[in-house]
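**Q** I would like to see how this sequence folds:
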Amino acid sequence: MVVRTKEEREQKRLEAKKRAELRKAAKAEAGGDAEKEAKPNPNDLLKQIPISKAHNATLPALNLPIDALAKVMRYLPAREWGAMSLTCTGYNHALGGCRVTHISSRLMRRQDEDGKQSTCGSMCLVGGLQLCSGRKEAQDILDRSLTGGGETNRLLSKKMKQSNKKTTNGDGDCDDYPGYVRFVEEATIGYSAMQCSRSAVFPTHLQGRFVSCSPEHTLLRVGGGGNTTSGPGGSGTAAWGVGKRGQLGNGKRDDEAEPKLLLGKIGWGVRIVQVSAGGGLVRVAHSLLLTSMGRVLSFGSAGYGQLGHGYDAGSQLPDCLRPRYIDALKNEKCICVAAGELHSGAVTIDGDVYTWGEGFCGQLGQGDRRPHLVPVQVTLGGLEDECVSNMSCGCRHTLVTTEEGQVFSWGLGRFGVLGRSYTDFTYQNDIGMVVPEGEEGHVQGAAARPPPVPAAAIDAANNEAEVNAMMESLEALNLTLDDPCDQCYPKVIDSLEEFRAVGVSAGHRHSMVLDEHGGLYTFGSGASGALGHGDHVGQEYPVKVMELENKGVRIHQMSAGVDISMAVSTEGTVFAWGKAADGRLGLGIENKDITLPRKVEFEDKDFKAVDAECSYVHSLIVGLDGSVYQCGGVGIDGKDDGQQDLNCNGGELGQPVLLSGYNIWHRIAEPKEKIVKQKWEKYGKYELQGRSKMMGI
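**A** Coordinates of the predicted model:
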């Protein structure tokens, strides 16, 4: 580096000033009074840009015939489709005629000239999906998507308001189509515009993709999309049901009879891509939300550490009434979350598994039975070397699947929910869980806590000898939370290694596994016929549901609840079995058990489903058009559970009921939270009578 003296620097400055004066003089001679000219109008510049149809015709893609363009465009994901349609008006109009071909490639199988069938929809299922049979049906699906769910107050673009006409022929704009096809791609292939992943692909068979329910409350992805920050509709979250533990996330402890949107920019700035409602029959409930950035939000009951926030400043575990980020996972990008009864879990983009909450039954997989108040990675049982794709948390157990198709299970093995043999706990205290029976339910075995030390034994320990004797007796009983039992760490289910598993669902006391060919396997308790084998016999190892296999039904999504089960076929048909009382399965309100899978009938005969979730006394079904149906119901404000007094919009009692006014993919305006200003009230003699009267003036 050359160091200049003060004189040299001054000389350089004068030379630069002289050059600037010369340039200014030359500009004045060439342009005359150019500096006095008015600045150009930006609108005039825009008018000079060639955006006419003649200009659009020179674009390479628009020179293709419409059939060739449609074949090219069907390979574009929804996000790229929307971006391309925004480049010019010509693309917008041309792509309108390609929508039917594009949506057909997501919903139906194709056959090439050689007769070879190519799959579509799920990338995990070998045969793909078959949700429509031709272009005509695909066009009907597009039309139904605009009106599904009734009047939802969806947002319309300026061009749609001006045209005030449908785009069934592809002549108008297709502004709404990218939002709908995004919903379809999430429902079929798991593609979501995640900002934390280049691939942006979720697990195809994911619990809580659009809706999730616990015995007390329900979470639904709906709303959002009011601006460009959050993306399409379905970015927000609505919650309803019992809210006494803050699990609804609205800042209150009140019950809600209808879905109520969460505020605080949820859906309008913070995009939600998965929901998970946890809880059980022990009157606890919590909720998890996964954002497009891979962050995890939690709220609800925190008494067992299931929210993952740890202790507060006062060494307490207070309930959280509004969504709050889990700070312990801020450096991890998650692609899946799962909420159980007293514990929670998450899967990162690298395939790692984190768990937290109550662990007395080994459901955290940490090799002991201790609770963990913040997320801890599961590294035992060889799971650290596996790349996990998705997970599901049940009452006292956990299931995960790997990218290679293996299934690992851990937690309380009672009823056979682990699907494998296991060793007993080192310290046996007759661990039990709440088992539903009648209205209240009862506990089978002792609660999941070690027995307390008798008070008389503590009072008697007055000297060192007695204290040592008492400690020796406790050690003799193995009263410790360190347990080498293989229920406390992940272990692969050997009987499922013959095929590749793509999805799991952990229920209250039974489990479900889905293979890549659409075959469904169930194991655990057979109470109420929840396994679907035609009886009430429990199974300790996975057994295929032959009723579906014999009918050639292939499953795409499934859900295990409390002694009930539901599944959605690759053709959009919903099957349900288990306890059917109070309309919880959509098969009537009779108090009987359905031991074999039975088709759920809808008032709309053309309805096709893409997802279903069930819990204890209710279940939710998501349609291909974005509409949502509910079966049964949670009693709020002291009312009874069920659907006994509900008229299903003119249909039969016990059928699924449409949630009118809600469509998952529709964009709606952001609701504003009403802030009630508290008026200043006067109290006491001084304020009421005035200062002069008080002073006797």
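
**Q** Quick one: the strands in the stretch 451-600 of the chain, in order.
**A** 491-492, 501-506, 510-515, 520-524, 539-544, 555-560, 564-569, 574-579, 593-599 (DSSP state E, counting those that start in this stretch).

**Q** out of those, nearest to residue 10?
**A** Comparison of these against residue 10 by Cβ to Cβ identifies strand 501-506 as nearest, at 76.0 Å. For the C-beta atoms, the positions are set from N, CA and C on the backbone; glycine is no exception.

**Q** same for that closest one, what does it pack against?
**A** If you count contacts as 3 or more Cβ pairs under 8 Å, 6 or more residues apart in numbering; DSSP states H and E, strand 501-506 packs onto strand 388-393, strand 397-402, strand 510-515, strand 555-560.

**Q** Of all those, which one is nearest residue 532?
**A** Across the helices and strands packed on strand 501-506, closest to residue 532 is strand 510-515 (Cβ to Cβ), at 9.2 Å.

**Q** give me the low-pLDDT residue ranges for the stretch 51-200 of the chain?
**A** 51-64, 66, 86-94, 109-127, 157-174, 193, 195-200 (pLDDT under 70).

**Q** what are the ranges of the strands in it?
**A** 110-111, 117-118.

**Q** does residue 515 have beta-bridge partners, and which?
**A** Taking DSSP bridges, one finds residue 501 as the beta-bridge partners of residue 515.

**Q** gap between it and residue 660?
**A** 37 Å (Cβ to Cβ, to the nearest Å).

**Q** Between these two, which is the more surrounded one?
**A** Remark: of residue 515 and residue 660, residue 515 carries more neighbours, 24 against 13, as counted by other Cβ atoms under 10 Å.

**Q** Tell me the confidence at that one?
**A** Residue 515 is assigned a pLDDT of 93 by the prediction.

**Q** Identify the residues contacting the closest residue to residue 514 other than its chain neighbours.
**A** Spatial nearest neighbour of residue 514, chain neighbours left out: residue 503 (4.0 Å); criterion: Cβ to Cβ, 6 or more residues apart in numbering. By Cβ atoms under 8 Å, 6 or more residues apart in numbering, the contact list for residue 503 reads 124, 203-206, 390, 401, 513-514, 557-558.

**Q** Let me have those in TSV, adding neighbour count and distance to residue 636 as columns.
**A** Below are the contacts of residue 503 laid out as TSV (neighbours: other Cβ atoms under 10 Å; distance: Cβ to Cβ, whole Å):
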residue	neighbour count	distance to residue 636
124	24	38
203	21	33
204	24	34
205	26	31
206	27	28
390	24	31
401	27	35
513	26	34
514	25	33
557	26	28
558	25	28
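
**Q** Adding distance to residue 338, write those residues out as TSV.
**A** Output for the contacts of residue 503, formatted as TSV (distance: Cβ to Cβ, whole Å):
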residue	distance to residue 338
124	18
203	11
204	16
205	13
206	10
390	8
401	12
513	15
514	16
557	15
558	15
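
**Q** any idea how far the closest residue to residue 425 other than its chain neighbours is from residue 406?
**A** Take residue 425 and drop its neighbours on the chain: the residue closest to it by Cβ to Cβ, 6+ apart is residue 485, 4.9 Å away. Per Cβ to Cβ, residue 485 is found 21 Å from residue 406.

**Q** Next, residue 416: phi, psi?
**A** Backbone torsions of residue 416, given as degrees, to the nearest 10, read phi 90, psi 20.

**Q** That one: neighbour count?
**A** Residues lying near residue 416 (other Cβ under 10 Å) number 22.

**Q** Please give me every residue in contact with the closest residue to it other than its chain neighbours.
**A** Nearest residue to residue 416 in three dimensions, chain neighbours excluded: residue 540, at 3.6 Å (Cβ to Cβ, 6+ apart). Listed by Cβ under 8 Å, 6+ apart, the contact set of residue 540 reads 416, 419, 421, 523.

**Q** one step back: I'd like the helices and strands packed on strand 501-506 as CSV, with distance to residue 498 appended.
**A** Putting the helices and strands packed on strand 501-506 into CSV (distance: least, Cβ to Cβ, whole Å) gives the following:
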stretch, distance to residue 498
strand 388-393, 19
strand 397-402, 15
strand 510-515, 9
strand 555-560, 18
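
**Q** out of these, which comes closest to residue 622?
**A** With Cβ to Cβ as the criterion, residue 622 lies closest to strand 555-560 of the helices and strands packed on strand 501-506, at 9.2 Å.

**Q** okay, the closest one in PDB with CA atoms only?
**A** The C-alpha coordinates for strand 555-560 follow below in PDB (Å, rounded to 0.1, in the frame of the first residue of the first chain):
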ATOM      1  CA  ILE A 555     -55.000 -46.900   1.500                       C
ATOM      2  CA  HIS A 556     -53.400 -43.500   1.200                       C
ATOM      3  CA  GLN A 557     -54.000 -42.000   4.700                       C
ATOM      4  CA  MET A 558     -55.000 -43.500   8.100                       C
ATOM      5  CA  SER A 559     -55.600 -42.400  11.700                       C
ATOM      6  CA  ALA A 560     -55.800 -44.300  15.000                       C
END
